[in-house]
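Visitor: Provided below for reference: sequence and predicted model.
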Amino acid sequence: MLSSSYFVIVALDHIGPEISLGGSEMQTQQISRRTFLTLAGGATLSTALAGCLGVGSSRTTSTSSSTVTIWDIRTQQEAQVIQSATAAFNKAHPDIHATIDFFQNDPYKQKLQVAMGAHNPPDIFFGWGGGILKSYIDAGDVYDLTSALNADPSWKNKYLPAVMSGVTFDGKIYGVPNSGMQPVMFFYNKAIFDQYHLNPPQTWGDLLQTINTLKQHNIIPIALAGGSKWPYLMYEEYLVDRYGGPGAFNAVLANQKGSWSQDAFIKANTAIQQLVSMGAFGSNFASVIADTNQDAALVYTGKAAMMLQGNWNFPVFLTNAAQFVQQGKLGWFAFPAIEGGQGNPADVAGNPCNYYSISSTAKSPQNCITYLKEVVLNADEIKKYIALGDIPAVQGIGDQLASAQHSDWLQFNYNMVQNAPHFQLSWDQALPPQPAQALLTNLDQLFLKQISPQQFSNNMNQTISAS
């Protein structure tokens, strides 16, 4: 195993515990939104994990067409699943040797960008789909998987249609899912709801009434980690979709002039400031931090009744408030419908999943395709991911979820995505980096009521004219 001089961090974009190794004692914490593995000094985990997992190092200097190089970022538990599956693949294919390096989140993005620019990326690379992937596609750096998928309907139809939009551009497919789905929903404290005879809100009007009732009893209605800024996105994404449907944000993605001034954005941002004004988030939401799960703590300690967050927070409750979950006090519900809104209330926002794509410079695209088809989300991986609490983005696993621990949670997530007409990728991933950062800045100012809904739109429209 790793020596005590090393540490493993699991943080930001996915589900999974944060593991720190100190001496002989392992301490489990929790995580927020993105996942990565790293060693002290910024090294990749390939060699260290190899010793941990009992498999050979994934590092290689081979440039042979028989070698398939893979770059990835995962939790430690997921990395173990992938390494095991890859070792089995290599044993079954002595003519192909797949190797994996695991990196931390932000350095990985930078490393991949540099590698793409130098036309020397790995054969298979991890990604989130959306705007960043599209930039690589536009530069001719990504292999088109459409023909390969169409030639094998059983492979193509394996995945839930709702998650494929993140890697589909102009009718062509540039990646396949490699992980669990990550929708955003409301978590709530059932004990508080029962005490005040409340039901999960089905409409926006229901939500406002619930907020008023909770305020009367001096309970923070909704925990919001404004100190981390990105949780603001979840309100914006859902409200814009509920008011205007997917077309509203699609116009932004298409760089249509003035698209941030659409009625759906003005209404959504007016609704956000209505929530702030009525005290829906309490008075200190701007200092609450998601990365240390302070918002979840407010819910399981009974100080707040609800929280809009990604499903990666379920392990947080399991780790930090196991009794709270075991006693059936944790509940969840979908974002409410907007009365008179054009959007479908079954639409979902979040991270559909993560993906593997093949680079256009891959030494043997066919070997890469063989790896994707045989290893990624195969039957054994699916079983192991479900045991970790992940919900793989594949068809036909309802029976497995129904018989698993926490089956009600797993089935809710699976059905939510399976029945979604549209799954909106988180906007900070869907947008290019510059407007994504501007969006977080302006949302922070909007929630703090430093700018009006119209000023928000005016500011964001400038990111389109500048692009």
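Guide: In hand now; what should we look at? Numbers count the residues shown, from 1 in each chain.
Visitor: stretch 272-289: which residues count as buried?
Guide: Going by neighbour count (16 or more other CB atoms under 10 Å), the buried part of stretch 272-289 is 272, 273, 275, 276, 279, 280, 281, 282, 285, 288. To be clear about C-beta, it is placed using only N, CA and C from the backbone, and glycine gets the same treatment.
Visitor: look up the closest residue to the most centrally placed residue in the chain, ignoring the ones flanking it.
Guide: Centrality entry for the chain: nearest residue to the mean C-alpha point is residue 351, 3.5 Å, by CA atoms, centre = their mean. Distances taken as CB to CB, 6 or more residues apart in numbering place residue 182 nearest to residue 351, at 3.9 Å, with adjacent residues excluded.
Visitor: distance of the one you found relative to residue 297?
Guide: The gap separating residue 182 from residue 297 is 21 Å, by CB to CB, to the nearest Å.
Visitor: and these two? which has more neighbours close in?
Guide: Higher neighbour count among residue 182 and residue 297: residue 182, with 27 against 19, using other CB atoms under 10 Å.
Visitor: against residue 163, how distant is the more buried one?
Guide: Counting by CB to CB - residue 182 and residue 163 are separated by 10 Å.
Visitor: what do the two both touch?
Guide: Residues within reach of residue 182 and of residue 163 at once, by CB atoms under 8 Å, 6 or more residues apart in numbering, are 352, 353.
Visitor: just to revisit the earlier point, so which of the buried residues of stretch 272-289 is the closest to residue 72?
Guide: residue 288 (31.3 Å; CB to CB).
Visitor: quick one, what contacts the closest one?
Guide: Contacts for residue 288 (CB under 8 Å, 6+ apart) come out as 223, 224, 225, 226, 227, 228, 294, 295, 298.
Visitor: same thing with residue 345?
Guide: The contact partners of residue 345, by CB under 8 Å, 6+ apart, come to 242, 334, 335, 336, 337, 338.
Visitor: how many neighbouring residues does the fifth one have?
Guide: The criterion is other CB under 10 Å. On that basis, residue 337 has 19 neighbouring residues.
Visitor: if I pick it, what's in contact with it?
Guide: Contact analysis of residue 337 by CB under 8 Å, 6+ apart lists 202, 203, 204, 242, 345.
Visitor: how about those in JSON lines, adding pLDDT, distance to residue 263 and secondary structure?
Guide: Below are those laid out as JSON lines (pLDDT from 0 to 100; distance: CB to CB, whole Å; DSSP: H, G, I helix; E, B strand; the rest coil):
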{"residue": "202", "pLDDT": "97", "distance to residue 263": "24", "secondary structure": "coil"}
{"residue": "203", "pLDDT": "98", "distance to residue 263": "20", "secondary structure": "strand"}
{"residue": "204", "pLDDT": "98", "distance to residue 263": "16", "secondary structure": "helix"}
{"residue": "242", "pLDDT": "98", "distance to residue 263": "13", "secondary structure": "helix"}
{"residue": "345", "pLDDT": "97", "distance to residue 263": "18", "secondary structure": "coil"}
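Visitor: which of those residues are buried? Put it as a PyMOL command.
Guide: In PyMOL, a selection of the buried entries from the contacts of residue 337 looks like this (16+ other CB under 10 Å):
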select buried, resi 204+242+345
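Visitor: the residue nearest to residue 351 contacts residue 352, correct?
Guide: Yes - the pair residue 182 and residue 352 passes the contact test of CB atoms under 8 Å, sitting 7.3 Å apart.
Visitor: quick one on the thing from earlier: I only care about the contacts of residue 288 that end up buried; give me the PyMOL line for that.
Guide: Per 16+ other CB under 10 Å, the buried members of the contacts of residue 288 correspond to this PyMOL selection:
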select buried, resi 223+224+225+226+227+228+295+298
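Visitor: need the max-distance pair from the contacts of residue 288.
Guide: Pairwise distances across the contacts of residue 288 peak at 13.8 Å for 228 and 298 (criterion: CB to CB).
Visitor: please, where are all the helices along the stretch 201-350 of the chain?
Guide: Per DSSP state H, counting those that start in this stretch, the stretch 201-350 of the chain carries helices over the ranges 204-216, 232-244, 246-253, 263-277, 294-300, 314-320, 322-326.
Visitor: for the residue nearest to residue 444 when sequence neighbours are not counted, give me its contacts.
Guide: Once flanking residues are discounted, residue 444 sits nearest to residue 229: 5.3 Å by CB to CB, 6+ apart. Taking CB under 8 Å, 6+ apart, we find residue 229 in contact with 440, 443, 444.
Visitor: nearest to residue 86, of those?
Guide: Nearest to residue 86 among the contacts of residue 229, counting by CB to CB, is residue 440 at 35.9 Å.
Visitor: number of nearby residues for that closest one?
Guide: 17.
Visitor: ok so it is a helix residue?
Guide: Yes - remark: residue 440 belongs to a helix, assigned using DSSP: H, G, I helix; E, B strand; the rest coil.
Visitor: wouldn't it be in contact with residue 228 here?
Guide: No - in this structure residue 440 lies outside contact range of residue 228 using CB under 8 Å: 9.7 Å.
Visitor: tell me the secondary structure at residue 356.
Guide: Here residue 356 is strand, with the state taken from three-state DSSP.
Visitor: number of nearby residues for it?
Guide: Each residue near residue 356 was counted by other CB under 10 Å, and the total is 24.
Visitor: and for it, nearest residue in space, chain neighbours not counted?
Guide: With sequence-adjacent residues excluded and distances taken as CB to CB, 6+ apart, residue 356 is closest to residue 178, at 4.7 Å.
Visitor: is the one you found in contact with residue 371, as I believe?
Guide: No - taking CB under 8 Å as the definition, residue 178 is not a contact partner of residue 371, at 11.0 Å.
Visitor: CA-only coordinates of stretch 113-127, as PDB, when you get a sec.
Guide: Only the C-alpha atoms of stretch 113-127 are listed here, as PDB (Å, rounded to 0.1, in the frame of the first residue of the first chain):
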ATOM      1  CA  GLN A 113      -5.100  20.600 -23.400                       C
ATOM      2  CA  VAL A 114      -1.300  20.800 -23.900                       C
ATOM      3  CA  ALA A 115      -1.200  17.200 -25.200                       C
ATOM      4  CA  MET A 116      -4.000  18.000 -27.700                       C
ATOM      5  CA  GLY A 117      -2.300  21.100 -28.900                       C
ATOM      6  CA  ALA A 118       0.900  19.100 -29.400                       C
ATOM      7  CA  HIS A 119      -1.000  16.300 -31.200                       C
ATOM      8  CA  ASN A 120       0.300  13.900 -28.600                       C
ATOM      9  CA  PRO A 121      -2.600  13.000 -26.400                       C
ATOM     10  CA  PRO A 122      -3.400   9.500 -25.000                       C
ATOM     11  CA  ASP A 123      -5.300   7.100 -27.100                       C
ATOM     12  CA  ILE A 124      -8.400   7.300 -24.800                       C
ATOM     13  CA  PHE A 125      -9.100  10.300 -22.600                       C
ATOM     14  CA  PHE A 126     -11.600  11.000 -19.900                       C
ATOM     15  CA  GLY A 127     -14.000  13.900 -20.200                       C
END
